[in-house]
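>>> kindly generate the corresponding structure for this input.
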Amino acid sequence: MSPAPEIRVASPLSVPDSDALRFLPEGPMAMVADGKLSWVGIQHGADVLRGSINVLDLATQSNQSFDLPGRPGFAFQCQTPGKFVAGVERSLGIFDSNSGEWMPFCDGIDSDVTNTIINDGLAIDDNLIFGTKDLAFDEKKAGLYLYRGSDQKLIRLRDDQICSNGKMIRKDESGKLFLIDIDSPTRTIVEYPLDIAAGTIGEARVVLDLTNDPGVPDGAILTPDGSGIIVAIFHPGVAEHGETRLYDLASGELRVVWQTPGSPQNTCPALVPHEGKLKLIITTAVENFSAEDQAQCPNAGQLFLGETDFVADDSFELTVWPV
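Purely as a prediction, here's the structure:
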């Protein structure tokens with residue numbers, strides 16, 4: 001029998017401080033400055049078809065919010081201060097937070113299907129890997145894409161996902177790349193051999209099966225040494241707390257659970273260097289909750305901070321888009 005996981009309780013931050021930003025926070029990403037991170041507000045309400053890029057300073061818990069012309073799925077800082085590469089609606093582009101300008105460089109994503117938008121993604125060198133989601137969460141029609149930086153080519157890797165979420169890159173001892181991917185409604189986490197130069201992925205291998213779990217795996221990241229996967233669990237409906245979990249990647253054993261009191265819908269995790277350690281930041285959402293649900297889950301939509309045993313050193317890799 002596996003040992004019981006360690007339980008840690010994450011603390012709610014004072015961010016976000018508005019109903020609009022609490023609706024659907026996702027995609028936290030550590031930034032170059034210590035204790036700073038970006039995150040996206042996918043949309044600012046059930047009937048609001050736009051969102052934002054946000055920059056949070058953990059030391060002061062001050063948050064800057066920059067409105068976008070549509071709904072973002074992801075955003076990563078660029079080398080140029082104030083700029084972000086982002087996926088918004090069905091376009092990839094650069095957003096300049098200094099001017100508010102949105103500059104698309106790749107349009108027409110998922111152009112052969114209806115009612116999908118860009119969702120979660122990752123950046124590796126000058127490449128982007130990202131998925132889309134069916135806004136009705138009903139049909140297997142959402143895409144999984146590679147935007148290859150070497151020739152600025154958009155390559156569709158899959159066309160049969162529903163809600164394409166957590167994405168990670170693992171490299172084995174020989175240097176071969178693997179894409180770890182979550183199509184949330186399947187409740188499985190899979191791994192594909194990835195060849196960026198060829199623009200292909202191989203056969204999927206299930207690395208974590210959560211089909212019997214009441215929660216849904218959403219965003220996810222690897223631990224700094226690549227041996228574990230930290231998964232945000234989106235628990236449908238009211239619950240006393242949410243969970244973000246650390247699993248051993250090789251064995252599937254559950255090692256640590258970070259609970260988020262009063263907020264069951266965990267969406268994404270991130271590790272952020274701050275004061276010599278890596279802090280776990282967890283985004284949570286209000287989406288789907290009635291006023292009665294929110295009253296029972298008073299911290300829904302807040303960002304949470306959890307303690308980890310990971311040390312912030314030079315081996316921790318930041319995501320910076322080369323623009």
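
>>> okay, CA-based contacts and neighbour counts for the rest of this
OK.

>>> next, count neighbours for the nearest residue to S164 once chain neighbours are set aside.
Ranked by C-alpha to C-alpha, 6 or more residues apart in numbering and with sequence neighbours excluded, the top spatial neighbour of S164 is D183, at 4.5 Å. Using other C-alpha atoms under 10 Å, D183 has 26 neighbouring residues.

>>> tell me how far D183 lies from M168.
13 Å (C-alpha to C-alpha, to the nearest Å).

>>> the chain: helices as residue ranges?
Under the criterion DSSP state H, the chain contains helices at 19-22, 291-296.

>>> make TSV out of those helices and add mean neighbour count, mean pLDDT and distance to H235.
Converted to TSV, the helices of the chain look like this (neighbours: other C-alpha atoms under 10 Å; pLDDT from 0 to 100; distance: least, C-alpha to C-alpha, whole Å):
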stretch	mean neighbour count	mean pLDDT	distance to H235
helix 19-22	20	98	16
helix 291-296	13	96	13
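
>>> adding distance to V85, write the ones you listed out as TSV.
Below are the helices of the chain laid out as TSV (distance: least, C-alpha to C-alpha, whole Å):
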stretch	distance to V85
helix 19-22	20
helix 291-296	33
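
>>> which of those sits closest to I189?
helix 19-22 (26.7 Å; C-alpha to C-alpha).

>>> tell me what P273 is bridged to.
L278 (DSSP bridges).

>>> make that R170, sorry
F178.

>>> same question for L254.
Applying DSSP bridges, one finds that L254 bridges with Y247.

>>> re earlier: between the helices of the chain, which one is nearest to C268?
Ranking the helices of the chain by proximity to C268 (C-alpha to C-alpha) places helix 19-22 first, at 13.6 Å.

>>> which residues are contacting the closest one?
P16, G41, Q43, H44, G45, T284, A285, V286, A300, G301, Q302 (C-alpha atoms under 8 Å, 6 or more residues apart in numbering).

>>> ok, stretch 235-248 next?
The contact list for stretch 235-248, computed with C-alpha under 8 Å, 6+ apart, reads 214-216, 227-234, 253-266, 269, 282, 289, 293, 296-297.

>>> among these, which are in strands?
Here DSSP state E is the test, and the contacts of stretch 235-248 give 216, 228-234, 254-261, 266, 269, 282 as lying in strands.

>>> filter the residues you listed to the buried ones?
Those of the ones in strands among the contacts of stretch 235-248 that meet the buried threshold are 216, 228-234, 254-261, 266, 269, 282, by 16 or more other C-alpha atoms under 10 Å.

>>> what is the neighbour count of the nearest residue in space to G73 that is not next to it in sequence?
In space, and not counting its chain neighbours, G73 is closest to N119: 3.9 Å by C-alpha to C-alpha, 6+ apart. N119: 28 surrounding residues under other C-alpha under 10 Å.

>>> hmm, N119 is touching A75, no?
No - in this structure N119 lies outside contact range of A75 using C-alpha atoms under 8 Å: 10.3 Å.

>>> identify the contacts common to those two.
G87.

>>> separation between the closest residue to S227 other than its chain neighbours and R255?
Nearest non-adjacent residue to S227, counting by C-alpha to C-alpha, 6+ apart: L249, 5.6 Å away. To R255, L249 is 10 Å away according to C-alpha to C-alpha.

>>> circling back to that earlier point, wait, isn't the residue nearest to S164 in contact with K167?
No - D183 is beyond contact range of K167, at 9.6 Å (criterion: C-alpha under 8 Å).

>>> quick one: closest of the helices of the chain to K176.
Proximity to K176 (C-alpha to C-alpha) singles out helix 19-22 among those, at 39.0 Å.

>>> how far does that closest one sit from its chain's centre?
Averaging C-alpha positions (C-alpha atoms, centre = their mean, to the nearest Å) puts helix 19-22 18 Å from its chain's average.

>>> what do you get for stretch 139-154?
The answer for stretch 139-154 is 17 Å, by C-alpha atoms, centre = their mean.

>>> what lies in contact with it?
Against stretch 139-154 from outside (C-alpha under 8 Å, 6+ apart): 106, 110, 113, 116, 126-134, 155-164, 196, 199.
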